[in-house]
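[1] Sequence and computational prediction follow.
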Amino acid sequence: MAARAAGGSDDARGDDAPLLDDLMPWSVRPLRTGRAWVTAPDAASLRARWDRLTKAPRDEHERLFRVTRSRDPRSRVAALPGQATGTGPFDREDGPCPAPVRIAHGPFDEQWLIPDHRLIDAARPELWRVADGQQFFVVEHGYVPQDTGPALSVTALLPDGHSPAGRPGRIRPLYRRPGGLEPNLAPGLLALLKDRHGDGVTARSVLAWILAAARHSPAGCVVPLPADTARWSAGVELGQELLRLHLRGARGGECPRLPGGRRPYVRASMPPAPTALEYDPVDEALLLGTGRVSPVPAGAWEFRVGQVRMLELWFGRRAATGANGAGGASAEGSPDADGLEAIRPRAWPQEWTSELLELVTVLALLAELRPRREEPVEGPHLTAEDLRAAGVLPVPDAARRPASVLDHREEGPDGQFALL
């Protein structure tokens with residue numbers, strides 16, 4: 001066993017690679033809103049929906065609210081960490097809508113959420129508690145057979161963990177405490193990697209390696225760990241570039257840009273309510289009704305997660321007849337022609353066009369890096385058995401639970417305060 005630990009296994013694709021679940025042991029299930037109307041691609045619609053609900057006659061209130069087993073207009077729940085919202089029954093609410101927060105709605109989409117715990121069935125407060133300017137969230141996409149897309153994504157926004165293919169994975173914060181404290185890594189893993197690859201190994205470089213090397217498997221997301229320092233350095237460098245693209249300029253990073261001549265532009269303005277999205281491979285153009293965006297590389301158009309094309313999914317959530325977004329059916333409830341989900345922009349907002357151009361850029365650059373993602377899994381690697389021999393595995397139960405935040409005051413139901 002000692003000799004194997006020194007050199008590692010030669011098969012980085014075998015079943016002996018450690019699971020992400022062991023390397024980043026604290027994970028949280030995806031958010032469950034229970035009602036589609038609390039999220040939207042634009043913040044103005046959320047404010048309008050709030051006003052419609054709070055001013056609705058009593059006999060319409062429960063229908064518009066969308067009562068579930070977890071929430072109804074009389075529910076009393078604690079405020080979400082960091083949010084100053086009401087904690088009494090919602091049927092007494094007559095104030096303005098809380099400021100919507102930007103969230104990561106599944107991979108490669110950013111939307112808005114009303115951060116009121118009374119409206120969200122399972123908001124996962126433990127995630128809100130550690131969401132700050134130093135945090136990164138790893139989001140697993142869930143295993144889909146024959147899926148060749150990325151196994152996970154990383155965001156600086158609070159993620160809802162939505163899975164395009166309907167098979168949600170887990171959300172894993174990089175840090176267990178606010179302020180970038182206590183990396184969410186198996187105890188002893190950072191020391192082991194520093195011993196092998198030098199003192200330059202940090203929690204963020206481990207995150208970069210995971211982003212570059214993670215792979216789907218029926219047993220869960222696996223992450224080969226290299227025995228060779230040169231491969232570690234190359235994989236971290238690739239992972240840092242992937243991370244920059246995933247973050248889209250967050251945390252002081254550079255916003256992704258394609259070289260001049262390859263940058264997508266609007267060649268024909270968007271119609272007020274495009275209902276269809278098509279791709280012209282000859283002209284490398286996206287057609288949104290009469291709107292036209294080009295150049296759009298084929299790699300961006302074909303970029304998929306869970307076998308779902310990301311550009312089609314993004315557009316469908318915003319189109320007048322789209323699915324899983326304002327004005328369409330959703331995993332959180334069936335469409336309602338006169339429900340709150342029907343409140344949406346009357347015309348295609350300019351900011352959506354800007355977001356589309358950014359998304360095309362990100363997906364195109366990620367597609368170009370895809371061939372290099374085979375490099376980190378080649379050559380000798382450390383196995384799960386090697387980690388057990390080093391005392392890194394098995395992971396202590398305490399590492400799989402959220403850390404206590406003893407100085408964090410939060411408002412409980414009906415205005416009570418709790419010290420966590």
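    Great, that's in hand. Residues are numbered from 1 along each chain as shown.
[2] Please list all residues in contact with residue 53.
    By C-beta atoms under 8 Å, 6 or more residues apart in numbering, the contact set of residue 53 is 61, 64-65, 340. C-beta: built from backbone N, CA, C; applies to glycine.
[3] domains of this structure?
    Following automatic domain parsing, one gets these domains for the chain: 2-257+372-419, 265-368.
[4] Off-centre distance for the last one?
    Put simply, domain 265-368 sits 18 Å off its chain's centre (C-alpha atoms, centre = their mean, to the nearest Å).
[5] With the first one instead?
    Domain 2-257+372-419 has its C-alpha centroid displaced from the chain centroid by 7 Å (C-alpha atoms, centre = their mean).
[6] Quick check: mean pLDDT of that domain?
    Average pLDDT, domain 2-257+372-419: 90.
[7] Not counting its neighbours along the chain, what's nearest residue 131?
    residue 158 (4.9 Å; C-beta to C-beta, 6 or more residues apart in numbering).
[8] How many neighbouring residues does the one you found have?
    Applying other C-beta atoms under 10 Å, we find 25 residues neighbouring residue 158.
[9] Do a quick rundown of the helices in the stretch 201-350 of the chain.
    Counting by DSSP state H, counting those that start in this stretch, the stretch 201-350 of the chain has helices at residues 203-213, 229-247, 298-301, 310-316, 350-369.
[10] Using a markdown table, please lay out the ones you listed together with distance to residue 389.
    Output for the helices of the stretch 201-350 of the chain, formatted as a markdown table (distance: least, C-beta to C-beta, whole Å):
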| stretch | distance to residue 389 |
| --- | --- |
| helix 203-213 | 20 |
| helix 229-247 | 19 |
| helix 298-301 | 42 |
| helix 310-316 | 41 |
| helix 350-369 | 34 |
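[11] and of those helices, who's closest to residue 114?
    Closest to residue 114 of those, according to C-beta to C-beta: helix 350-369, at 18.5 Å.
[12] Can you point out the buried residues in the closest one?
    352-353, 355-367 (16 or more other C-beta atoms under 10 Å).
[13] between these, which is closest to residue 212?
    Distances from residue 212 to these, taken by C-beta to C-beta, are shortest for residue 366, at 11.7 Å.
[14] what about the closest one, distance to residue 295?
    Going from residue 366 to residue 295 by C-beta to C-beta, to the nearest Å gives 16 Å.
[15] ok, now residue 21?
    In terms of C-beta to C-beta, residue 21 sits 40 Å off from residue 295.
[16] Look at the nearest residue to residue 246 once chain neighbours are set aside and tell me its secondary structure.
    Here the nearest residue to residue 246 in space, its sequence neighbours aside, is residue 154; by C-beta to C-beta, 6+ apart that works out to 4.6 Å. Secondary structure of residue 154, reduced to three states by DSSP: H, G, I helix; E, B strand; the rest coil: strand.
[17] what's the burial count for residue 154?
    Neighbours around residue 154, by other C-beta under 10 Å: 23.
[18] Residue 371 now?
    8.
[19] That one and residue 226: what is the separation?
    Applying C-beta to C-beta to residue 371 and residue 226 gives a distance of 18 Å.
[20] just residue 45 next, same as before
    Relative to residue 226, and taking C-beta to C-beta, residue 45 is found at 47 Å.
[21] Check the nearest residue to residue 298 once chain neighbours are set aside and give its pLDDT.
    The shortest distance from residue 298 to any non-neighbouring residue, by C-beta to C-beta, 6+ apart, is to residue 281 (6.1 Å). Turning to residue 281, the model gives it a pLDDT of 98.
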